[in-house]
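A.B. asks: Quick one: sequence and predicted model below, then my questions.
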Amino acid sequence: MPRVTSIAPAVAHLVGPGKLSVVNGRLGYSIPEQPRLQLDPTRLRELFCYGAISVSDEALRLLCQHEVAVAWLSASGSICRGRLVTGRDPTTRLRMAQHRALAIVTQQCEFARGIVSAKFDSQLAAARHFQRHGHRMAGSVLAQLNAGRSRVATIRDLNELRGFEGAAAQAWFGLLGSLLAPPWTMNGRSRRPPRDPVNALLSLGYTWLCQRTVARAEAAGLEVQLGALHEYHPGRPSRACDLMEAWSVPVVDSWMLRLCAEVPYHPDQFEQSEKGVRLPAGQFGRVLANWETHWQRSGGDDELDRMVRTACEWFRTASRLPELVAQGEPTEDLE
């Protein structure tokens, strides 16, 4: 079968080593001893670069011209090394609204409660699905999640809310581990570093989801470093971490379960190092392609855009409430 050398996707993943340059007005990606791949910059929306990928000055200018969101990640995809951000920023008002809204503790807690409630809803929907399919542990976890979901609205302290969400996550990952068939196992969630192949896959999926969320949030004008449930921490995209909470179960967790059940991988294929467990380089592209297929089939782009739009509207409304109250204007339809 002949190799396709020119494509026009909205999202592209480039695995290094390689070089991105401009050829006849299009982006050209060169890998040693391989035909050059050409990308249409007018169609490209997001670009992910893994490992050693150099970018020419002309390619950088073309990416900025077409406002392509670019992320450079480690070879394994688990760490984001940096992002390309353009100088144009017509969204200062929205950023000011976000800062203003989250400066009020009650509003920050309100937004965080909405995030935790949405995450509970996604966990409950998945637990009900597993219960219908006869998984024994799903019933007890479902009861725990139902009890927790009913209490979220009563919590007024952010630290208590975060602890509450963490306890629910622990129960959820316990259920997730029980759904795996041998030889796959997971004894709880481990992140830095992932201690087993399942956690390595989850970390990959969460990284890919986070980078997409960051790109959408930045494009919409949100301040990605300023979150509600996730407090500010230098270098962490706390707003993106907030937005992806409810979407992580139906996208990342379900992808991991399907990958372990359907794709002929084995835990022994993973590599163990001082940095934790990771996929071998030879399998990375295959897993990435599987993720991309799952993302498209799950309607990830549409759902992510919807969540970002909802967050933008919430901040615009919440930041106006104090001045509306002071002016005596009605606020019923702003709630």
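C.D. replies: Yep, that arrived.
A.B. asks: What residues of stretch 209-217 count as buried?
C.D. replies: 209, 210, 211, 212, 213, 214, 215, 216, 217 (16 or more other CB atoms under 10 Å). To be clear about C-beta, it is placed using only N, CA and C from the backbone, and glycine gets the same treatment.
A.B. asks: so which of those residues comes closest to residue 270?
C.D. replies: residue 209 (20.6 Å; CB to CB).
A.B. asks: Now do the contacts for residue 41.
C.D. replies: Neighbouring residues of residue 41 by CB atoms under 8 Å, 6 or more residues apart in numbering: 26, 27, 62, 63, 65, 66, 68.
A.B. asks: What distance do you get for it to residue 53?
C.D. replies: Distance, residue 41 to residue 53, by CB to CB, to the nearest Å: 16 Å.
A.B. asks: Pull out the buried residues from stretch 47-61.
C.D. replies: Within stretch 47-61, the residues that count as buried by 16+ other CB under 10 Å are 47, 48, 49, 50, 51, 53, 55, 59.
A.B. asks: List just the nearest of those to residue 252.
C.D. replies: Taking CB to CB as the measure, residue 252 sits nearest to residue 48 out of those, at 15.9 Å.
A.B. asks: correct me, but the closest one touches residue 74?
C.D. replies: No. Using CB atoms under 8 Å, residue 48 is not in contact with residue 74; the gap is 11.4 Å.
A.B. asks: If I look at residue 112, what pLDDT would I see?
C.D. replies: At residue 112, the model reports a pLDDT of 92.
A.B. asks: Would you confirm that it contacts residue 161?
C.D. replies: Yes. In terms of CB under 8 Å, residue 112 counts as a neighbour of residue 161; the distance is 5.6 Å.
A.B. asks: Now do the shared contacts for the two.
C.D. replies: residue 229.
A.B. asks: Relative to residue 303, which of the buried residues of stretch 47-61 is nearest.
C.D. replies: Distances from residue 303 to the buried residues of stretch 47-61, taken by CB to CB, are shortest for residue 48, at 19.0 Å.
A.B. asks: what about the helix or strand containing the closest one, distance to the chain center?
C.D. replies: Using DSSP states H and E, residue 48 maps to strand 46-50. Put simply, strand 46-50 sits 14 Å off its chain's centre (CA atoms, centre = their mean, to the nearest Å).
A.B. asks: Can you name the two of the buried residues of stretch 209-217 that sit furthest apart?
C.D. replies: 209 and 217 (12.2 Å).
A.B. asks: quick one: the strands in the stretch 201-335 of the chain?
C.D. replies: Assigned by DSSP state E, counting those that start in this stretch, the strands in the stretch 201-335 of the chain fall at 271-273, 276-278.
A.B. asks: So which bits of the last one are buried?
C.D. replies: It stands for strand 276-278. Within strand 276-278, the residues that qualify as buried are 276, 277, 278, counting by 16+ other CB under 10 Å.
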